[in-house]
Each structure stands twice: as structure tokens, then as C-alpha cells.
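1. fold the stuff below for me.
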Amino acid sequence: MKTGKPFAVLFVCAALSLASGAVAQEKLEKLRFVHLEFSGTQAAPFIAKRAKAFEKQGLDVEIIRIGGSSRVVQAMVAGEIKMAHVGASTVVEANLSGADLAIIASTVNVATFRMMAAPHIKVPADLKGKKIGISRFGGATEQLTRVLLEKWGIDPAKEVTLLQMGGVQETAAGLIAKIVDAGLLSSPQHLKVSDAGFHQLANLAELGIPYMSGSIATTKTFIRTQPDLVRRFTRGLLEGIRIYKTDREFSIRALEQFTRSTDARMLAALWEENGNKVIQKVPYPSVDGLQFVMDEVAARKPEARKLKPADLIDGRFVKELDESGFIKALYGDK
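-> The predicted structure is shown next:
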């Protein structure tokens, strides 16, 4: 009987602890974040969520996928989602149509796609008269495909047929099913089709083209009305990037869940290309990378020449956290 009181105290303390945890959970602000692809360039927010980096910032971030930048922008303008990894070209076009989107960060400022082709496509010239898969019209894969074809002297409007597939994974499936002859793929999809006999015509990351391919956008209205929420999201994102770049094992486990793949070779290649290379430690939006995108849009929509990168970039949150020492503190002496 002498032990009854201590056990009662422990029980009450445990109950209070659980209640406190429940209250803390209830206080987390919900935020829906959308990504386009299950790719390594868009994995940093997922890694941050898995590491509970957003929870540290008082956020309950729901991460969902919607294929195609155009659909994501429509949902954002409608207020159905608040923030997203979205193609920079679609941000440009959306603002030309009256939207108020701004790019607050960019995890990758180079194009990381590879043009993969069927065995019968030996050289770029063999693409003439063939079908090339893209994710969606108006998205990054369409713009980059057009740029690459023009570099090869192929008219994308007359000498090939661009087919909308829905996403990079769908393009890979279309290659294997012989629906298309070629298409831009990101890692690890390019490895999957390589195993099926397809080969690489070009690696865009090796071409030295500045291209904002990891842009994170929201509306200017959301920035104006909820700056602290944007700031807290950015803090969580930065911690996710730090984990991506410094903790290979954690990142590969997260990538396994994010990409829904258990292929160790592919996951290792995905981390090597992204976490160990192209993901930016400090994700400033690239003026040059966005200008390239804007020039491509202007070729189809001349009114885009009226816009400047500064009209679409709002890097205040990354800059603030960089200059405050927050990012340096995340990495310690590294």
C-alpha cells in the first residue's frame, strides 16, 4: 500500500504528458503542400516532414502530388493549396493571366532531366517524325524539350509530335509501352528505362543551362497575410535540405518512401545526383535560371518580355534566414 501514492503520481504525470502532447498536436497549423513528381529534386520538403522539421516550426504539413504545373497553379489560385513545387514557366504564364504568384525558394537551379530514347533512335536527328513524351503542355518538360530540340536543329512544332503523358513516371511507362519514342526523364526513372534497353541522348545538367527547376511558389497574397507561416515553412524546408545533404542513410530511407521504390541502386543514384550534388544548400531563387524560363515563355507569348525576374521572385525569407545565421547554425562547422 505504501507504493500506491508514487504510482498514482506517475499515472497523473503520464496522463498530463499525454494531454499536453495532444494539445500541442492540436495547435499545429495545417498547411497543404503540393509537389509535381516523385523525383529527387522535389524530395526536400518530404524529408523535412519525415524528420518532423515542420512540426518543430508548429506546422502540420500535408504533402500531396498533383501531376502537371498548370493544374497546381489553378488549385493555388483557387485557394485550395497554399504552397507548391511548381514549374517556373507556369508561374510566369499564370502571372501573365492575372495571378499573383511568387517564387520564394528554389532547391535546384539547373535542369536535371535526361533525354532518353528508344534503341532505334541512334542520334538526335533520328527524332524527326517521332513522338516525344512530355508531362503536360505548359510545364517544364515541354519547355526544356523544345529548347533541346532547337539546339539539335529540330523544329519542335513541325518535325516531332509532343504527347502529353501526365508526369515523368507516365512518360517512362509510355516509352516502355512504345507509345512514345523519347522523353525527358529525371532520376531514377532514367535508370528504369535504361534497364529496359533505352539510352541517353543528352543529360541536361551537363549542358550548363541555368534553369530554375526546383521553384517553390505561393501567392503574394499569402505572403502578405501569412508571412510568419511562410517563414516557418522555410525554416523547416532548410532543415530538410540540411538532412538531405548531410545524412545519406536517412535521406535514402526517406527517398524509398517518397519514390515508392525499394531498388537500392536507384535510391543511391537519386541521392548522389540530388542530395550530394544539385540541391542547393541555400535555396535562393536564381535570377538567371528564371530569366531563361521567361525567355522561353516569351518566344510563345511576347507579353512575357514585360516581366522581370524581380516581379516573380521574393527571396526575403531565404535571405533573412541566411543573414541571421540560421543556415550556418544548421550545418555547424560544415
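2. residue 77: neighbour count?
-> 17 (other CB atoms under 10 Å). Glycine gets a C-beta too; all of them are placed from N, C-alpha and C.
3. look up how far residue 125 lies from it.
-> Note on residue 77: its distance to residue 125, by CB to CB, to the nearest Å, is 41 Å.
4. please apply the same query to residue 60.
-> Look at residue 60 and residue 125: by CB to CB, they are 52 Å apart.
5. of those two, which one has the most company?
-> Neighbours per residue (other CB under 10 Å) separate residue 60 from residue 125, with residue 60 holding more: 15 against 11.
6. list the contacts for that one?
-> Contacts for residue 60 were tallied using CB atoms under 8 Å, 6 or more residues apart in numbering; they are 25, 28-31, 54.
7. low-confidence ranges in the stretch 201-334 of the chain?
-> Counting by pLDDT under 70, the stretch 201-334 of the chain has low-confidence residues at 333-334.
8. where along it do the strands fall?
-> Ranges of strands in the stretch 201-334 of the chain, per DSSP state E, counting those that start in this stretch, are 215-219.
9. what segments of it are helices?
-> Shown for the stretch 201-334 of the chain, the helices assigned by DSSP state H, counting those that start in this stretch span residues 220-225, 227-246, 248-259, 264-273, 287-300, 309-312, 316-323, 326-331.
10. with distance to residue 143 added, can I get these in CSV?
-> Below are these laid out as CSV (distance: least, CB to CB, whole Å):
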stretch, distance to residue 143
helix 220-225, 23
helix 227-246, 25
helix 248-259, 24
helix 264-273, 21
helix 287-300, 5
helix 309-312, 15
helix 316-323, 24
helix 326-331, 30
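11. ok, and the closest non-adjacent residue to residue 57?
-> residue 232 (3.8 Å; CB to CB, 6 or more residues apart in numbering).
12. what about that neighbour, how many neighbours?
-> Neighbourhood size, residue 232 [other CB under 10 Å]: 20.
13. what sits against it?
-> 54, 57-59.
14. any of those residues buried? List them.
-> Among those, those classed as buried by neighbour count (16 or more other CB atoms under 10 Å) are 54, 57, 59.
15. please look at the second one and residue 237 and confirm they touch.
-> Looking back up the chat, that one is residue 57. No - using CB atoms under 8 Å, residue 57 is not in contact with residue 237; the gap is 9.5 Å.
16. any idea how far residue 92 is from residue 295?
-> 10 Å.
17. of these two, which one has the most company?
-> When residue 295 and residue 92 are compared for neighbours, residue 92 comes out ahead with 27 against 13, by other CB under 10 Å.
18. can you give me the neighbour number for the residue nearest to the more buried one when sequence neighbours are not counted?
-> Closest residue in space to residue 92, ignoring its immediate chain neighbours: residue 297 at 4.7 Å, by CB to CB, 6+ apart. Neighbours of residue 297 under the rule other CB under 10 Å: 23.
19. residue 297 and residue 304, how far apart?
-> Per CB to CB, residue 297 is found 4 Å from residue 304.
20. list the residues that contact both of those two?
-> Common neighbours of residue 297 and residue 304, counting by CB under 8 Å, 6+ apart, are 92-93, 96.
21. which residues sit in contact with the residue most central in space within the chain?
-> In the chain, the residue lying closest to the centroid (CA atoms, centre = their mean) is residue 42, at 2.9 Å. Each residue near residue 42 by CB under 8 Å, 6+ apart is listed here: 35-36, 85, 107, 214.
22. the same query, at a cut-off of 6 Å, please.
-> Shown in contact with residue 42 (CB atoms under 6 Å, 6 or more residues apart in numbering): 35, 85.
23. what's the answer for the one 5 residues further on, then?
-> For residue 47, the contacting residues are 240, 243-244, 251, 254, taking CB under 6 Å, 6+ apart as the criterion.
24. so can I have TSV of those residues showing neighbour count?
-> Converted to TSV, the contacts of residue 47 look like this (neighbours: other CB atoms under 10 Å):
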residue	neighbour count
240	25
243	21
244	27
251	28
254	25
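25. which of those residues sits closest to residue 285?
-> The closest of the contacts of residue 47 to residue 285 turns out to be residue 240 (CB to CB; 17.3 Å).
26. if we can go back for a sec, narrow the buried ones among the contacts of residue 232 to those in strands?
-> Among the buried ones among the contacts of residue 232, DSSP state E puts residue 59 in strands.
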